[in-house]
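J.: Fold the following and give me the result.
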Amino acid sequence: MPSVNPPVLLTTPRLNLALLPPDAAARVLAYHEANREHLGPVSPARPDNFFTVTWWRSRLAQDAEDWRRGQALRLFLLSRESSLSAAPVLGSVSLTDIRRGPLQSCEMGFGLDFHHQGQGLMSEAVRAVCDYAFGPLGLHRIQANHLPENQRSAAVLRRVGFSVEGLARELVLIEGRWRDHVLTALVAPQRVGG
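T.: As a prediction, the model looks like this:
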């Protein structure tokens, strides 16, 4: 029986951003299959079984465990026009490597179905996740990196308020090559009296 209430659900005017259960594996797989050529050139190597329902069932179960342990939050973008249990996956936003103590920071990653580019959906989703990170999660800093030529990701980050902090040489292995990445970050707004 499909899960009705995800452990984390953020809403925006057009989107539900949900931590999906293992029974959503087929929908997540469909998104990745449809975007294999679109996301492949900007993504690290995938495991051999990445494009299988079995792998995604396991990954979504691990996502729930990572959230329970406070290590990561991986949300999928779903249109609010469909029910949570049936909406196709339009993209994802993740907060990983959540660090507490004196850092209170994390890494952000995101991706969007190529059919939905240019509609402002990614900016809408990233803004909502940043608000959640700085609000309920109590984080202070979010870091996000992108390939220098990835102008769409750069534009999303700029729109939401991220600042460029530098260039990391040969940061991520993508398609067999170590690739440079532009380093950006967003710091929590100053709280009144804080």
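
J.: List the contacts of the most centrally placed residue in the chain.
T.: The centre of the chain sits closest to residue 93, judged by CA atoms, centre = their mean, with a distance of 1.7 Å. Counting by CB atoms under 8 Å, 6 or more residues apart in numbering, residue 93 touches 17, 75, 77, 108, 109, 110, 125, 126, 129. For every residue, glycine as well, the C-beta is placed using N, CA and C.

J.: and what of residue 89?
T.: Contacts of residue 89 by CB under 8 Å, 6+ apart are 20, 24, 27, 28, 30, 31, 76, 77, 78, 113.

J.: how about a cut-off of 6 Å?
T.: Contacts for residue 89 (CB atoms under 6 Å, 6 or more residues apart in numbering) come out as 27, 28, 31, 76.

J.: By residue count, what's the longest helix in this protein?
T.: helix 53-68 (DSSP state H).

J.: before we move on, the earlier item: for the residue nearest to the centre of the chain, helix, strand, or coil?
T.: For residue 93, the secondary-structure state derived from DSSP: H, G, I helix; E, B strand; the rest coil is strand.

J.: what distance separates the lowest-mean-pLDDT helix or strand in the chain from the centre of its chain?
T.: Within the chain, no helix or strand scores below helix 36-39, which has a mean of 87 by mean pLDDT, DSSP states H and E. Averaged C-alpha coordinates place helix 36-39 at 16 Å from its chain's average position (CA atoms, centre = their mean, to the nearest Å).

J.: Out of the contacts of residue 89, which sit inside strands?
T.: Among these, the residues falling in strands (DSSP state E) are residue 76.

J.: Can you tell me which of the contacts of residue 89 is nearest residue 38?
T.: Checking the contacts of residue 89 against residue 38 by CB to CB gives residue 31 as the nearest, at 10.4 Å.
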